[in-house]
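A.B. asks: Okay, structure incoming, though there's no sequence with it:
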Ligand SMILES: *Cc1c(COP(=O)(O)O)cnc(C)c1O
């Protein structure tokens, strides 16, 4: 401990010390899996991709998995497969990475932002129905931080109004909603394997579905709209993309997937350290796992009670080497969105979220010592 304390002081002095909010965990077996592919005949479109897809489908209890070059292209494919197009409206959350909504714009659809809940920071399912209009074609919930949205209500609304449901589960592979793994629940579910996400392939993503028609559409759009004819010749049937994953990435993904459950258990342990450390601090509200859900704890978001304290606390932590962050500024608040028809949006809970929430480090490599250090900084700030 004394050594670590000293190391922290030294790191701080030379200004390279920063506890990141998220990071990957790569072991020898991951490196071996990748090296094996590099020595083989297939770098892309070989057996590792098929094998990873099967492993993902099995893990999530879904019929089909289609892996992609990243989560953003996975979202794009899912929207194309659902037939979303110009003139359609899609209800989604403003509390997400811009890609969720950007890919809707890419297919010509219009994102309609629904306010969030202040317990999970997910889309408020009770506010969805009032936003439905004749043009509404889909709902895109995002399982923020790895906590599942209220899927039963969302699916009920979708069935009643004949809407497609596409889950942006880029935070939530391995998480559960009412004992069901995320990935098996709605029409399509999208994952990301960026290095800060629960498992990584460097860059990468996947779309899971139980619907054969969507599955075929996903394959179609992933690879130039080309299929082989009965003679084995490539024939193009529609305008597609190249959103494929390499075998190098897929091998890493399959190796990582074997460790996913352990990774999430470790994240739960990190959260238990935060709770022990900060449970008694009255100035902040810690995030909670709702009953019947299994949280993925992709990120750990703390809310301050007095909004005036957010920025000073944030700066206090950064100055002391804690890689705090903010996920996310409301999508509609970005200059691009404001310039494209979203200037006058105002959602109450989304505003509260913006003014009072901070993302804290939470990942599988975080140590009890580091969480203790972060906890002491927070206490120090409020008790000064
Ligand atoms: C990371 C992320 C994406 C995009 O995934 P990439 O693999 O980085 O393209 C989309 N939506 C959410 C909610 C994300 O967190």
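C.D. replies: Received, thanks. These numbers were taken from a predicted model, which means no experiment stands behind them.

A.B. asks: what residue ranges in the chain are flagged as low confidence?
C.D. replies: Within the chain, the ranges that satisfy pLDDT under 70 run 1-16, 384.

A.B. asks: for the ligand, what are the nearby residues on it?
C.D. replies: Within the chain, the residues that sit near the ligand (Cβ under 6 Å from any ligand atom) are 70-72, 96-97, 99-100, 142, 168, 170-171, 192, 194, 205. C-beta: built from backbone N, CA, C; applies to glycine.

A.B. asks: Closest to the ligand out of these?
C.D. replies: residue 71 (2.5 Å; Cβ to the nearest ligand atom).

A.B. asks: Name the SS class of residue 139, please.
C.D. replies: Following DSSP: H, G, I helix; E, B strand; the rest coil, we place residue 139 in the strand state.

A.B. asks: rewinding a little: could the residues of the chain next to the ligand be laid out in CSV, adding neighbour count, distance to residue 214 and secondary structure?
C.D. replies: Formatted as CSV, the residues of the chain next to the ligand follow (neighbours: other Cβ atoms under 10 Å; distance: Cβ to Cβ, whole Å; DSSP: H, G, I helix; E, B strand; the rest coil):
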residue, neighbour count, distance to residue 214, secondary structure
70, 21, 19, coil
71, 27, 17, helix
72, 23, 18, helix
96, 25, 22, coil
97, 19, 23, coil
99, 22, 20, helix
100, 26, 18, helix
142, 26, 19, strand
168, 28, 16, strand
170, 30, 18, coil
171, 26, 22, coil
192, 31, 19, strand
194, 18, 23, coil
205, 29, 16, strand
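
A.B. asks: After the helix ranked longest in the chain, which helix or strand is next?
C.D. replies: Counting residues, the longest helix in the chain under DSSP state H turns out to be helix 260-278. Remark: after helix 260-278, the chain's next helix or strand is strand 284-285, criterion DSSP states H and E.

A.B. asks: after that next one comes which helix or strand?
C.D. replies: strand 293-294.

A.B. asks: That following strand pairs with which strands?
C.D. replies: strand 176-177 (antiparallel) (DSSP bridges).

A.B. asks: Please name the residues that touch the closest residue to residue 49 other than its chain neighbours.
C.D. replies: Computed as Cβ to Cβ, 6 or more residues apart in numbering, the closest residue to residue 49 that is not its neighbour in sequence is residue 250, at 4.5 Å. Residues near residue 250 by Cβ atoms under 8 Å, 6 or more residues apart in numbering: 37, 48, 49, 51, 52, 53, 67, 201, 204.

A.B. asks: Identify the residue spatially nearest to the fifth one, adjacent ones excluded.
C.D. replies: The reference is to residue 52. residue 250 (3.9 Å).

A.B. asks: Need the three-state assignment for that neighbour.
C.D. replies: Following three-state DSSP, residue 250 is assigned to helix.

A.B. asks: Would you mind measuring from it to the ligand?
C.D. replies: 15 Å (Cβ to the nearest ligand atom, to the nearest Å).

A.B. asks: what do you get for residue 314?
C.D. replies: 20 Å.

A.B. asks: if we can go back for a sec, ok, the residue nearest to residue 49 to residue 138 distance?
C.D. replies: 28 Å (Cβ to Cβ, to the nearest Å).

A.B. asks: repeat for residue 177
C.D. replies: As defined by Cβ to Cβ, residue 177 lies at a distance of 19 Å from residue 138.

A.B. asks: now the helices for the stretch 101-250 of the chain?
C.D. replies: 151-161, 212-222, 247-257 (DSSP state H, counting those that start in this stretch).

A.B. asks: ranking the ones you listed by burial, who's on top?
C.D. replies: Of the helices of the stretch 101-250 of the chain, the one with the most neighbours on average (mean count of other Cβ atoms under 10 Å) is helix 247-257, at a mean of 25.

A.B. asks: could you give the angle of it to helix 260-278?
C.D. replies: Relative orientation of helix 247-257 and helix 260-278, computed by axes from the mean of the first three to the mean of the last three Cα atoms, to 10 degrees: 60 degrees.

A.B. asks: Residues in a beta bridge with residue 181, which ones?
C.D. replies: residue 176.

A.B. asks: my bad, should have said residue 300
C.D. replies: Judged by DSSP bridges, the bridge partners of residue 300 are residue 360.

A.B. asks: pretty sure it contacts residue 360?
C.D. replies: Yes - taking Cβ atoms under 8 Å as the definition, residue 300 is a contact partner of residue 360 at 4.6 Å.

A.B. asks: what's the overlap in contacts for the two?
C.D. replies: In contact with both residue 300 and residue 360: residue 274, using Cβ under 8 Å, 6+ apart.

A.B. asks: residue contacts, residue 193?
C.D. replies: 70-71, 199-206, 249, 253, 256.

A.B. asks: End to end on stretch 359-375, go ahead and measure it.
C.D. replies: 13 Å (Cα to Cα, to the nearest Å).

A.B. asks: So for that stretch, what gets flagged as buried?
C.D. replies: By 16 or more other Cβ atoms under 10 Å, the buried positions in stretch 359-375 come out as 359-364, 366, 370-375.
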